[in-house]
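Colleague: Could you look at this predicted model? Sequence included:
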Amino acid sequence: MGDGPPRELIHLADDEGNSVRVDVLGRSPRWAAGLDAEIVVRTPFVSGRLDLGLYRSRLERWGEALDRLDAGQDAAWMEMDRGPSLSVRLDGERGCPEVVVEDGSGSMVTVRVPVVPPDDWIADHRRRLRRVRDHWVPLLSG
């Protein structure tokens, strides 16, 4: 966990070298109510990253997505916002969970990343979200 501010909001990875992360980079110099972040995709075949702005409501919606996933439902995050979206399908095309990252308003690229997360991945992501909220939200205005 380290002594620094929490960085990883999302980290879904498997033993095959596939991963999708959302990393918090820090407070945004462009707007006081937001955080700069990035979506990072790594697979043996394709790798990439996308800039992402985070603010309170997006963090709240990630918590709601985790609730849906915990209830056994697929979940989309940021699908109605401008910019990239991320969804988790519990039973993807390869018979395992997959993360779908779409950049419809930018590069118009969609990447599907199959991952087999550990059994406790939802609880782990609730802890990640709580650490990010506890550290960063009090520092944001608005």
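Modeller: Nice, I can see it.
Colleague: Please, where are all the strands along the chain?
Modeller: 8-13, 19-27, 35-42, 47-54, 75-77, 85-89, 98-103, 109-114 (DSSP state E).
Colleague: Show me what the last one is packed up against.
Modeller: In this structure, strand 109-114 makes packing contacts with strand 98-103, judged by 3 or more CB pairs under 8 Å, 6 or more residues apart in numbering; DSSP states H and E. For glycine as for every other residue, the C-beta is placed from the backbone atoms N, C-alpha and C.
Colleague: Kindly report the same for the shortest one.
Modeller: Judged by 3+ CB pairs under 8 Å, 6+ apart, strand 75-77 is in contact with helix 56-70, strand 85-89.
Colleague: how much space between residue 28 and residue 66?
Modeller: Separation of residue 28 from residue 66 (CB to CB, to the nearest Å) stands at 24 Å.
Colleague: What separation do you get for the residue nearest to residue 59 when sequence neighbours are not counted and residue 126?
Modeller: Of all residues not flanking residue 59 in the chain, residue 133 sits nearest, at 5.7 Å (CB to CB, 6 or more residues apart in numbering). Applying CB to CB, the value for residue 133 to residue 126 is 11 Å.
Colleague: and the gap between residue 120 and residue 126?
Modeller: Residue 120 sits at a distance of 10 Å from residue 126 (criterion: CB to CB).
Colleague: ok, and what's touching stretch 8-22?
Modeller: Applying CB atoms under 8 Å, 6 or more residues apart in numbering, the set of residues contacting stretch 8-22 from outside is 23-24, 37-44, 52, 54, 59, 62, 86, 88, 97, 99, 101, 113-117, 121, 125, 128-129, 132.
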